[in-house]
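[1] following is a predicted model, sequence given first.
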Amino acid sequence: MHLRFEAPLASFGGEAIDARGVIRDFPAQSMLTGLFGNALGWTRAMKAEHQVLQDRIVFAAAHDEDPDLRRVTDYQTAQLGKADRAWTTRGMPMGRAGGAQTYSGAHQRWRDYHSDLRLSLVVRLDPAESTPTLEQLADALKRPARPLFLGRKPCLPSAEIFRTWVAEADARSALSAVLPVGRECYAIWPHAETPEGAHATRLITDERNWAGGGLHGGARRVCMGRVAGRENPR
């Protein structure tokens with residue numbers, strides 16, 4: 001299925017440690033799992049269902065424009081109570097008077113976002129016959145059980161997410177079929193399918209261990225490069 005992420009602000013979260021909330025160039029496998037589960041009305045207690053769905057997702061994605069040109073950083077402050085602690089990179093939490101580290105004033109935070117996001121995605125499920133099916137996911141995205149967001153909760157989509165169906169042999173070919181004809185877009189796709197044409201291959205950690213505490217772990221290899229849109233005769 002062909003999806004579009006369009007939003008004034010979006011956040012594809014990366015490995016955040018302390019006050020800086022960094023983002024990735026592309027959505028994580030776990031983020032798509034959470035988005036689909038939210039549309040279906042699943043709860044966080046349905047860990048096994050989320051794990052199985054995440055393992056089935058195969059996707060490719062491409063930005064309409066260079067994402068580095070559209071990154072913004074939001075400066076935030078938070079008031080901590082006496083018993084509250086904030087994580088740091090220095091090996092010990094920071095808190096108010098009486099803690100291992102102390103400070104006065106507001107606790108500072110920085111959050112990165114993609115601004116004016118326009119992203120195309122193609123998604124399939126493997127195996128296709130299991131529940132939920134692609135058709136069930138498409139119906140849920142059209143009529144979601146709850147409001148959807150693209151990363152953090154303030155990141156609401158500004159257009160419908162599900163667009164249409166496309167039939168191709170692999171994710172990269174399907175992505176090429178939905179991009180504007182002749183335009184080369186910065187993209188990501190599965191390394192196991194079509195490593196040809198990649199400018200770089202990377203190991204990324206974007207899967208969550210839903211059944212084992214919710215932490216991210218493991219790694220999968222992806223391709224990154226430029227994908228040109230072409231005519232889709234179907």
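    Arrived safely, thanks for sending.

[2] what is the rounded mean pLDDT of stretch 203-217?
    Summarised as a single mean, pLDDT over stretch 203-217 is 85.

[3] should've said stretch 41-48
    On average, stretch 41-48 scores 94.

[4] top strand in this protein by residue count?
    strand 107-125 (DSSP state E).

[5] list the contacts of the very next helix or strand once past it.
    Remark: after strand 107-125, the chain's next helix or strand is helix 134-142, criterion DSSP states H and E. Helix 134-142 is contacted from outside by 1, 3, 36, 39-41, 123-125, 128, 132, 148, 160-162, using C-beta atoms under 8 Å, 6 or more residues apart in numbering. For the C-beta atoms, the positions are set from N, CA and C on the backbone; glycine is no exception.

[6] how does it look with 10 Å?
    1-3, 32, 35-42, 53, 56-57, 123-125, 128, 132-133, 148, 157, 160-165 (C-beta atoms under 10 Å, 6 or more residues apart in numbering).

[7] okay, angle between it and strand 107-125 too, please.
    140 degrees (axes from the mean of the first three to the mean of the last three C-alpha atoms, to 10 degrees).

[8] what residues sit buried inside helix 134-142?
    Buried residues in helix 134-142, counting neighbours by 16 or more other C-beta atoms under 10 Å, are found at 137-138, 140-141.

[9] and those residues, which two are the farthest apart?
    A138 and A140 (7.3 Å; C-beta to C-beta).

[10] so where do the strands sit in this structure?
    Counting by DSSP E, the strands of the chain are 2-10, 20-21, 57-63, 71-78, 85-86, 94-95, 101-102, 107-125, 162-164, 184-190, 200-204, 220-228.

[11] could I have the first one exported to CSV, CA atoms only?
    Spelled out, it's strand 2-10. This file holds the C-alpha atoms of strand 2-10, laid out as CSV (Å, rounded to 0.1, in the frame of the first residue of the first chain):
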residue,chain,number,x,y,z
HIS,A,2,1.1,3.5,-0.8
LEU,A,3,1.1,5.9,2.2
ARG,A,4,1.9,9.6,2.5
PHE,A,5,3.1,11.4,5.6
GLU,A,6,2.4,15.1,5.3
ALA,A,7,2.6,17.3,8.4
PRO,A,8,3.8,20.7,9.7
LEU,A,9,6.0,18.9,12.2
ALA,A,10,7.0,15.3,12.5
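
[12] partners of that strand, with directions?
    strand 107-125 (antiparallel), strand 162-164 (antiparallel) (DSSP bridges).

[13] check the average confidence over the last one, would you?
    I take that to be strand 162-164. 97.

[14] now swap in the longest one and tell me
    Looking at strand 107-125 alone, the average pLDDT works out to 93.

[15] how far off centre is that strand?
    How far strand 107-125 lies from its chain's middle: 7 Å, per C-alpha atoms, centre = their mean, to the nearest Å.

[16] all set now, cheers.
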